[in-house]
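Asker: Sequence plus predicted model, see below.
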Amino acid sequence: MQNRPIGILDSGLGGLSVLREIHALLPNESLHYVGDSAWCPYGPKPVEDIRARVFAITDHLLALGAKMVVVACNSATIAAVESLRAAYPVPFTGMEPAVKPAAALTKTNTIGVLATEASLAGEKYLRLVNAHARDLRLITRPCPEFVDLVEAGILDGIEARHAVNFHVMPLLNEGADVIVLGCTHYPFLRPVIEQLTGPDVAVIDTGAAVARQVKRRLETDNLFAPEDTEPTIRITTTGSPKILERAFPKLCPGLKADLKQAEGLG
Ligand code: DGL
């Protein structure tokens, strides 16, 4: 039987933080990733532009046989996941900033939410806050420099520390004891963020929860890969394959994958 891949997409290389969780939980599954680095960042772009890119990438992934699609980008999820579900017959899993678990963890009633403008602007975010954190103080902050660093494969050193200090220090000064990483690029800077925050502040993201959600969905839809096939991991980019080749070993150390330019996505 054919081993159809799980399609995974992001504005760039950030969604690899979700891919590595999916691979750790479901090592038998083939994965096909598209990073839209030529159009990165999505965060400051109008919703219609993000949606158009996400539909084009979804068409591409489905044409290549994807059995489900993980929208491994908070900005793309906010902009497009509902229209994707209405338009295509395959299952979609999207991202959501970890506001609910953060609300359960905070003792200072102050939570820092790091996410892009696109993720924070939508109705969906307001609904999330109203449902789970209505009485708490949420300090939100887009960190576009984090996206640039991760796209360049820079995960530590002076530049990374400087950007992290700049964005995270104000949250600590306001008494935040939980920091939500609400953009899939940001978990790659978690070690630098945790160096600054220390052990008394929780830094959380939803990559592992999304991987569990993907597993549940494969189970209910009877879509698990057959046991006897060899899984393949294909990582493609609309940007420069050279940059992908340099950044990938830092983002996913030890993971064996085919790295390629995504064909026909402009
Ligand atoms: N990785 C994307 C997200 O989760 C956004 C980064 C960007 O393109 O601005 O929101």
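Answerer: Yes, it's here. Numbering: from 1, shown residues only.
Asker: close enough to count as contact, residue 113 and residue 99?
Answerer: Yes - the pair residue 113 and residue 99 qualifies as a contact (C-beta atoms under 8 Å) at a distance of 6.8 Å. All C-beta atoms are positioned from the backbone trio N, CA, C, and that covers glycine.
Asker: joint contacts of those two?
Answerer: Common contact partners of residue 113 and residue 99 (C-beta atoms under 8 Å, 6 or more residues apart in numbering): 138, 180.
Asker: quick one: which of these two has more around it?
Answerer: residue 113 (27 against 23; other C-beta atoms under 10 Å).
Asker: nearest residue to residue 261 other than its sequence neighbours?
Answerer: Nearest residue to residue 261 in three dimensions, chain neighbours excluded: residue 241, at 4.8 Å (C-beta to C-beta, 6 or more residues apart in numbering).
Asker: which ones are touching that neighbour?
Answerer: Counting by C-beta under 8 Å, 6+ apart, residue 241 has contacts 259-261.
Asker: Pull out the buried members of those.
Answerer: residue 259 (16 or more other C-beta atoms under 10 Å).
Asker: Narrow the contacts of residue 241 to those in strands?
Answerer: Secondary structure from DSSP state E places 259-261 of those in strands.
Asker: Let's have the residues you listed in a markdown table, adding pLDDT and distance to the ligand.
Answerer: Listed next are those as a markdown table, based on pLDDT from 0 to 100; distance: C-beta to the nearest ligand atom, whole Å:
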| residue | pLDDT | distance to the ligand |
| --- | --- | --- |
| 259 | 98 | 19 |
| 260 | 96 | 20 |
| 261 | 96 | 19 |
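Asker: now the helices: where do they sit in this protein?
Answerer: 16-25, 47-63, 74-87, 99-105, 117-121, 123-132, 144-151, 158-173, 190-197, 207-220, 241-251 (DSSP state H).
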